[in-house]
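>>> Predicted structure and sequence below. I'll ask about it afterward.
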Amino acid sequence: MNYMPGTASLIQDIDKKHLVLLRDGRTLIGYLRSIDQFANLVLHQTVERIHVGKKYGDIPRGIFVVRGENVVLLGEIDLEKESDTPLQQVSIEEILEEQRVEQQVKQESEKLKVQALKERGLSIPRADTLDEY
Amino acid sequence: MWHQLPPTASVRGQRERGSTSGPMVSPSSTLIHPGPSKDLLVKEDRTWSQKPNLSFLFQSSGYMSPIPFRPVSRNISAPTQPLGMHFGPMSPSLEPPLFFSPSASCQLKFSHMTQLHPQHQRLLNQRQHISPQKPWSPKVDPYAGLMTRKEKDWVIKVQMMQLQSENPHLDDYYYQTYYHRLERKQAEEELLGGRNKQEPRKLVTPYIQKVESYNSVVRIAGSLGQVAVSTCYSPRRAIDAVHHALLEQVCPGQLHSPEPVLAHHASALLAWSKATWAVGPAGSGSSGLSCREAEDEFLQVLCVRKGKKLTARLLPHLEREQAEEILITITRHLPFLMRKDVLDESLPVLYSPLSQMVGRMTFSELIEVLQELTKPVAGSTELPLTMTFKNQVRLAGRLLREPGTQWWVCLPRTDTVFLVARELSQVPKTTLVEPLFLPSNLLSLFCRYLDKQTIHRLEAKME
């Protein structure tokens, strides 16, 4: 069977552990079970990994069906090197707390920035509120 | 360690036994050698002795490792050869302990038909050689193989079909150029080096023929009646319309009619008419009709509007002699036809085919026809020609115009011309109907033969 050369197709990636980055910023790790021509993915034993600084936490999510257009990138995880990381795994509660704190800090700094710009009569549209097309 | 294995060792035997996929590796490949038995493989590696249960991998038929086979030794594979020739269940310890499944579905399809970028190949090669240190864990993935081979093939097919192109050099310029250059380089190398011919691997898109034909009705063998065929991609065809242009190209000699049904009728009519009308003018024929009768019959046909239409349509397809006879008949009986046409006014349909005919006729034939026009018909006081001018029949005009200057110049029968010109001038202008074509030099031509008076009158008429 001649499948696409190189990695032009995801067929070769089936049943392997992958890291998938979505457009909303989420990171999913799971076993790629099925694909279709739009690169919609079926991920099995998926885990959502949240990174805050040097720490990360995994939330088990089960089975994901991801619409292809929402995928930014994905890559196969080398199971040997997977554990070989400087990052520190923490519990879910801890990481969610960390995330909340991080979000808070970011929002405050953003607020200050917008305020400062407004005072000067400028406005920078935020990327997430922009229309995508 | 595996990489210490002699290059000749291979698992070809196992591959053949366990193969469920098509042949991915050509027998002529340099990587395959009919190697020693599997026991040799097991024995030679010390690490394997700790795991005797692994031998089942080699024995089980139909079992295919998902792990791509990496070439055992780098010196075997030429730099341009594809990376992974799949060899079946083999050298699992070469692989990192990936999540491993015994299904046939997840094989790395680096078949001999594909071509990887050399850098990519090198990268993957390196990765493999680093990895074999870890002991391999024979974990079996129970969820593997969710996607069946059929489904995978289907996805690939869909993706490949989108790559199909009528003009690959336009659509896929970079790949084509790259591939050509690669081929040329290899040919040169081959010439210089005198090595064995190595074929560059190429991505071959499957050519899937699109079904153009549509048979609206399907006859299943042995069944009674027909089944109407229509799918969501090809709904039922409502009209059996066939494209005109195509027909024209295909059968220029035949009757050109847009509807195939009518074409059938027309061809039948054509045959009939040929048979009927071939008799009269050509002399004695096989049919029982005499010349006169045939002519009468034809005239009767012409009296009817449909008859005129039919004749008009048939004329281009009749043979020359027959067509000429028809023309002569028509012109001979023009007054009669004109009388009959008063209500219908459908004689004009004959203009086009007749004028075309006139255009093709020779000089002498035209003279003949013209003579017919000028011959007085029994029972009429005027010349048919006069009547023609008076009437809406424009054929006369057409006749006169044909075939141009030469005709008038070398006209031996000047009396005919005389007659024509005289009649033209004599007929009061109001009743003259504008001819279809008015040659500009007609007047000058008339000058040669006629007196001044006539010419003046003609001049007035022509304006």
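Arrived safely, thanks for sending.

>>> how far away is B:Asp451 from chain A?
87 Å (CB to the nearest CB, to the nearest Å). C-beta here means a position set from N, CA and C on the backbone, and glycine is covered the same way.

>>> pLDDT at that residue, what is it?
We have a pLDDT of 70 for B:Asp451.

>>> For it, give me its contacts.
By CB atoms under 8 Å, 6 or more residues apart in numbering or on different chains, the contact list for B:Asp451 is empty.

>>> end to end, how far does stretch B:336-356 reach?
For stretch B:336-356, the first and last residues are 23 Å from each other (CA to CA, to the nearest Å).

>>> Buried residues, that stretch. List them.
Across stretch B:336-356, burial judged by 16 or more other CB atoms under 10 Å in any protein chain shown covers B:336-338, B:340-341, B:346-347, B:349-351, B:353-355.

>>> how about the helices in chain A?
A:92-120 (DSSP state H).

>>> And the strands in it, which stretches?
Counting by DSSP state E, the segments of chain A that form strands are A:17-22, A:27-35, A:41-52, A:55-66, A:71-76, A:88-89.

>>> roughly how far is the second one from the heart of the chain?
The reference is to strand A:27-35. 12 Å (CA atoms, centre = their mean, to the nearest Å).

>>> Now that strand: average pLDDT?
Mean pLDDT, strand A:27-35: 96.

>>> Name the SS class of the residue found closest to B:Met361 once you drop the neighbours it is linked to in the chain, please.
Nearest non-adjacent residue to B:Met361, counting by CB to CB, 6 or more residues apart in numbering or on different chains: B:Glu324, 6.8 Å away. Three-state assignment for B:Glu324 (DSSP: H, G, I helix; E, B strand; the rest coil): helix.

>>> out of the buried residues of stretch B:336-356, who's nearest B:Gln162?
Closest approach to B:Gln162 among the buried residues of stretch B:336-356 (CB to CB): B:Pro353, at 52.2 Å.

>>> what's the distance between the closest one and B:Glu325?
Remark: distance between B:Pro353 and B:Glu325 (CB to CB, to the nearest Å) = 14 Å.

>>> what's the burial count for the residue lying closest to A:Arg26 once chain neighbours are set aside?
Sequence neighbours aside, A:Glu48 is the residue nearest to A:Arg26 in space, at 6.0 Å (criterion: CB to CB, 6+ apart). A:Glu48 sits with 17 neighbouring residues when counted by other CB atoms under 10 Å in any protein chain shown.

>>> if I look at A:Glu48, how far off is B:Ile156?
30 Å.

>>> if we can go back for a sec, got the buried residues of stretch B:336-356 as a markdown table, with distance to A:Gln103 and pLDDT columns?
Output for the buried residues of stretch B:336-356, formatted as a markdown table (distance: CB to CB, whole Å; pLDDT from 0 to 100):
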| residue | distance to A:Gln103 | pLDDT |
| --- | --- | --- |
| B:Phe336 | 104 | 83 |
| B:Leu337 | 99 | 82 |
| B:Met338 | 99 | 78 |
| B:Lys340 | 99 | 80 |
| B:Asp341 | 95 | 77 |
| B:Ser346 | 89 | 75 |
| B:Leu347 | 93 | 74 |
| B:Val349 | 87 | 78 |
| B:Leu350 | 91 | 78 |
| B:Tyr351 | 89 | 73 |
| B:Pro353 | 88 | 80 |
| B:Leu354 | 92 | 76 |
| B:Ser355 | 89 | 74 |
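
>>> Also within reach of chain A: list those from those.
Among the buried residues of stretch B:336-356, no residue sits close to chain A (CB under 8 Å from any CB of the partner chain).

>>> out of those residues, which are inside helices?
Among these, the members falling in helices (DSSP H) are B:Phe336, B:Leu337, B:Met338, B:Lys340, B:Asp341, B:Tyr351, B:Pro353, B:Leu354, B:Ser355.

>>> which of the residues you listed lies closest to chain A?
B:Pro353 (58.0 Å; CB to the nearest CB).

>>> Quick check: B:Leu337 touching B:Leu347?
Yes. Using CB atoms under 8 Å, B:Leu337 is in contact with B:Leu347, at 6.4 Å.

>>> what's the closest of the strands of chain A to B:Cys232?
Ranking these by their distance to B:Cys232 (criterion: CB to CB) puts strand A:27-35 first, at 24.9 Å.

>>> Show me the contact partners of the closest one.
Contacts of strand A:27-35 (CB under 8 Å, 6+ apart): A:10-11, A:13-22, A:41-51, A:58, A:61, A:64, A:66, A:74, A:77, B:99, B:141, B:143, B:146-147, B:151, B:155.

>>> repeat that with 7 Å
The contact list for strand A:27-35, computed with CB atoms under 7 Å, 6 or more residues apart in numbering or on different chains, reads A:10, A:13-22, A:41-49, A:64, A:77, B:99, B:143, B:146-147, B:155.

>>> Now list the buried members of those residues.
By 16+ other CB under 10 Å, the contacts of strand A:27-35 give A:10, A:13-20, A:22, A:41-49, A:64, A:77, B:99, B:146-147, B:155 as buried.

>>> quick one: contacts of stretch A:48-56?
Residues outside stretch A:48-56 that contact it (CB under 7 Å, 6+ apart) are A:26-29, A:57-59, A:61, A:87-90, A:95, A:98-99, A:102.

>>> What mean pLDDT does that stretch get?
95.

>>> if I pick A:Gly121, what's in contact with it?
Neighbour list for A:Gly121: empty [criterion: CB under 7 Å, 6+ apart].

>>> Now it. Its backbone dihedrals?
With angles defined as degrees, to the nearest 10, A:Gly121 sits at phi 80, psi 20.

>>> how near is it to A:Glu110?
Separation of A:Gly121 from A:Glu110 (CB to CB) stands at 18 Å.

>>> Same check on B:Lys306?
Using CB to CB, one gets 87 Å for the distance from B:Lys306 to A:Glu110.

>>> can you tell me if stretch B:155-173 touches chain A.
Yes. Stretch B:155-173 lies within reach of chain A by CB under 7 Å from any CB of the partner chain, at B:Val155, B:Ile156, B:Val158, B:Gln159.

>>> Between these, which sits nearest B:Lys452?
The closest of the residues of stretch B:155-173 next to chain A, once distances to B:Lys452 are taken by CB to CB, is B:Val158, at 87.0 Å.

>>> who's in contact with the closest residue to that closest one other than its chain neighbours?
Closest residue in space to B:Val158, ignoring its immediate chain neighbours: A:Gln37 at 4.4 Å, by CB to CB, 6+ apart. A:Gln37 makes contacts with B:Val155, B:Val158, B:Gln159, as judged by CB under 7 Å, 6+ apart.

>>> isn't there a helix covering the first one?
Going back to what we said before, that points to B:Val155. Yes. Counting by three-state DSSP, B:Val155 is located in a helix.

>>> Now for it: which residues touch it?
A:Ile11, A:Ile35, A:Asp36, A:Gln37.

>>> Quick one: buried ones out of those?
Listed as buried from the contacts of B:Val155 are A:Ile11, A:Ile35, A:Asp36; burial here means 16+ other CB under 10 Å.

>>> Might you list the low-confidence residue ranges for chain B?
Chain B contains residues with pLDDT under 70 at B:1-138, B:194-216, B:233-234, B:236-270, B:272-291, B:362-364, B:366-450, B:454-455, B:458, B:461-463.
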